[in-house]
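Enquirer: requesting a structural model of the entry that follows:
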Amino acid sequence: MLTFFLLFVSPFLYSLEPIQQPLPEKSTIIYHMRHKLHEWDGVSDKLKIQANWENASPVNKITKIAISTKVSSFNSGLSNRDSHMIEVLEALSYPNIIFNSTSIVYNQNDLLVNGQLQFHGVTKQISFNAKQIDKEGNIFFEGAFPILLEDFKVKRPSLLFVKADNEIQIKFKLYFK
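Expert: Here you go, the predicted model:
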């Protein structure tokens with residue numbers, strides 16, 4: 001009787017698991033900043049990702065996503081610059097960057113994502129486009145969007161009394177298996 005019960009119930013238990021599991025160790029968020037004298041990227045691969053999925057034929061569709069990372073996790077390849085960014089972004093007071101989607105609209109493999117970005121103690125509604133790519137049983141999303149530092153009450157870093165650009169590009173690649 002117990003064997004019958006396990007054989008009957010176990011398929012239902014598996015169906016309760018998420019359709020796709022995040023692979024935060026492969027996923028990245030990159031910020032790109034410019035200054036009159038140079039440009040640089042800061043990369044974080046220390047992400048926490050939660051997602052809800054809908055099993056839709058022929059592809060699985062993400063219906064909601066939440067992503068967070070620490071300000072201190074970004075690496076630009078220059079420790080002095082990273083320390084200065086942690087100071088400018090007041091990482092002791094505002095340690096996390098958090099995004100929560102409010103809607104995701106599919107047009108085949110192109111997505112329009114709306115959500116709230118919480119950064120430097122300010123929450124703003126943002127929209128951006130992303131692409132879903134299915135490859136060898138894995139799914140990844142990639143996209144980019146601009147933000148203005150002044151919208152998040154961030155004092156722009158400066159070098160030789162010249163401030164960095166107000167607009168920075170945020171690029172991401174999120175992997176799921």
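Enquirer: so what's the residue most central in space within the chain bridging to?
Expert: With distances taken as CA atoms, centre = their mean, the residue of the chain nearest its centroid is Ile67 (5.0 Å). Counting by DSSP bridges, Ile67 is bridged to Ile49, Phe99.
Enquirer: from Pro157, how far off is it?
Expert: 24 Å (CB to CB, to the nearest Å). From N, CA and C alone the C-beta is placed, and that goes for glycine too.
Enquirer: so the residue nearest to the centre of the chain touches Ser44, yeah?
Expert: No: using CB atoms under 8 Å as the test, Ile67 is too far from Ser44 to be in contact (10.2 Å).
Enquirer: who touches both of these two?
Expert: The contact sets of Ile67 and Ser44 overlap at Ile29 (CB atoms under 8 Å, 6 or more residues apart in numbering).
Enquirer: name the helix or strand of this protein that has the lowest mean pLDDT.
Expert: helix 2-15 (a mean of 40; mean pLDDT, DSSP states H and E).
Enquirer: after that helix, next one along is what?
Expert: Toward the C-terminal end, the helix or strand that comes next after helix 2-15 (DSSP states H and E) is strand 28-35.
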